[in-house]
Every structure is written in structure tokens, then in C-alpha cells.
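In: got a predicted model here, sequence first, then my questions.
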Amino acid sequence: MKTRHLLTSALALIVMTACSDSTGVETADLEGTWEAQSMVVSSVADPTMTIDLIALGSPVSVMFAADGTYIVTFTGEGENGNDVGTYSVSGNTLTLVETFEGQVQEPEEIGIVLNGNNLTLTISETWYFGESEVEEAAVLVVGLTRQVSAS
């Protein structure tokens, strides 16, 4: 699976984690810029098989705007760019709707956990591990930190 899709998924997870009230995350909890500190994909069949995308040089940042739009910025593995779209939050579920080449994509739901300025996204994915040409079930966990501007 391409890093680009994983990054979008990770973003979705991040958005869902940002709320801290009794009903879950709220949109306002996610507003701002978040930088990935960790982004690890693990095989479901063999959890010891992991790939640390940040360590491989794939930095990711996510900006959630008050108007319900997001931008994921990523670099690495020849896939530099941005994913853009809209987001919404219901409880502990973040829904991302990407717009790609002018086309609105299918909504993607992601579970999130927010703890202060730290956001964790977890998503079920598929990934190519090792030399295999077959995608296998995987879990992507992304840890993000809210960027605080100096005043």
C-alpha cells in the first residue's frame, strides 16, 4: 500500500483522538498543526514484523482547520505532497473525506485517542511486507504532537 494512503489514514486517526469531553473528541479539539513523532505499521499475522516510517525518513504533518478542512503534508519514498479534504468527528471516530484530482473519495473512518497535546491514531490497513508482492493485513499506529507557536 502506498505511503500516501497510510498518511491519510493516519491523519484521520489523529483527528478522531483530539477531543477530550465525555462524548469523545470534538472538532475544536483538533484545530491546529500536528507533527508525527512515530508512525509504525505492523503485520497482523506476525506483530514482530514492523516498519517505522518516520525512521525511514517519511515525515508527516497534519493541519486541521476550524472550517472542517484538513491538509496532510508528507515526504518520502518518492511520494512528496499533500492530501486535502474535509473532516468530521463523532465521539471517538474521525471521518476523513479526501478530495483527489478534483474527485471526492469514499469517507474513511478512524479511531482516535487524545491526551493533551498528544494524539494517537490507529487504523487497520494492508501493507507489503518484505519481498512479498501480496498485501497483508496490518495495523498503522501514528503518534502526533500538537505544534505550539511561541508567543
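Out: Perfect, thanks for sending it.
In: would you map the helices across this structure?
Out: For the chain, helices defined by DSSP state H occupy the ranges 3-17, 27-30.
In: and the residue lying closest to A28 once chain neighbours are set aside, what pLDDT?
Out: Computed as CB to CB, 6 or more residues apart in numbering, the closest residue to A28 that is not its neighbour in sequence is A66, at 7.5 Å. Just so you know, the C-beta spots here come from the backbone N, C-alpha and C atoms, and that holds for glycine as well. Predicted confidence (pLDDT) for A66: 94.
In: same question for N92.
Out: 88.
In: same check, this time on G24
Out: For G24, the model assigns a pLDDT of 77.
In: distance of it from T93?
Out: For G24, the distance to T93 equals 7 Å [CB to CB, to the nearest Å].
In: higher neighbour count, those two?
Out: Between G24 and T93, counted using other CB atoms under 10 Å, G24 has the larger neighbour count: 21 against 17.
In: now do the contacts for the more buried one.
Out: Going by CB atoms under 8 Å, 6 or more residues apart in numbering, G24 touches M16, V89, S90, G91, N92, T93.
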